[in-house]
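In: Give me the fold of what follows.
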Amino acid sequence: MDEIAKVNLKEFEKKPDGSWVCIQNSDITMKTGKIIRVAPGTVFRKGTMFVGIDMAEALDKVPAN
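Out: Residues are numbered from 1 along each chain as shown. Have a look, this model is predicted:
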């Protein structure tokens, strides 16, 4: 599974149910070098795959800036 190398967590909001919502255009850089562009309003729920990874789980693992 790919891992996040760079993301600005200020571009996302964590909801009480554990999901993450993109609140402004965001580019997520993966460790493989792939860049994923995410549009505002995109919701990532735990257990749901997005481009092959559980993005909610991956965002949970990103250290706070």
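In: show me where pLDDT drops low in the protein?
Out: Scanning the chain for pLDDT under 70 picks out the ranges 1, 65.
In: the residue most distant from the middle of it, which is it?
Out: Going by Cα atoms, centre = their mean, the residue of the chain most distant from its centre is Pro16, 15.9 Å out.
In: how close does it sit to Ile53?
Out: Noted for Pro16: a distance of 23 Å to Ile53, by Cβ to Cβ, to the nearest Å. Every C-beta, even on glycine, is put in place using the N, C-alpha and C of the backbone.
In: how many neighbours does Ala56 have?
Out: When neighbours are counted by other Cβ atoms under 10 Å, Ala56 registers 21.
In: Please point out which parts of the helix or strand that contains it sit buried.
Out: If you go by DSSP states H and E, Ala56 is part of helix 55-60. Going by neighbour count (16 or more other Cβ atoms under 10 Å), the buried part of helix 55-60 is 55-56, 58-59.
In: Ok, stretch 23-31 next?
Out: 26, 28, 30.
In: Return the list of strands paired to the helix or strand where the second one lies, each annotated with direction.
Out: Taking DSSP H and E as the criterion, the element that holds Ile28 is strand 26-30. Note on strand 26-30: by DSSP bridges, its sheet partners are strand 4-6 (antiparallel), strand 35-38 (antiparallel).
In: Ok, which of those comes nearest Lys46?
Out: The minimum distance between Lys46 and the strands paired with strand 26-30 falls on strand 4-6, with 15.2 Å, by Cβ to Cβ.
In: roughly how far out does the closest one sit from the chain middle?
Out: 9 Å (Cα atoms, centre = their mean, to the nearest Å).
In: for the next helix or strand after it, packing partners?
Out: Downstream of strand 4-6, the next assigned helix or strand under DSSP H and E is strand 12-14. Packing partners of strand 12-14 (3 or more Cβ pairs under 8 Å, 6 or more residues apart in numbering; DSSP states H and E): strand 20-22.
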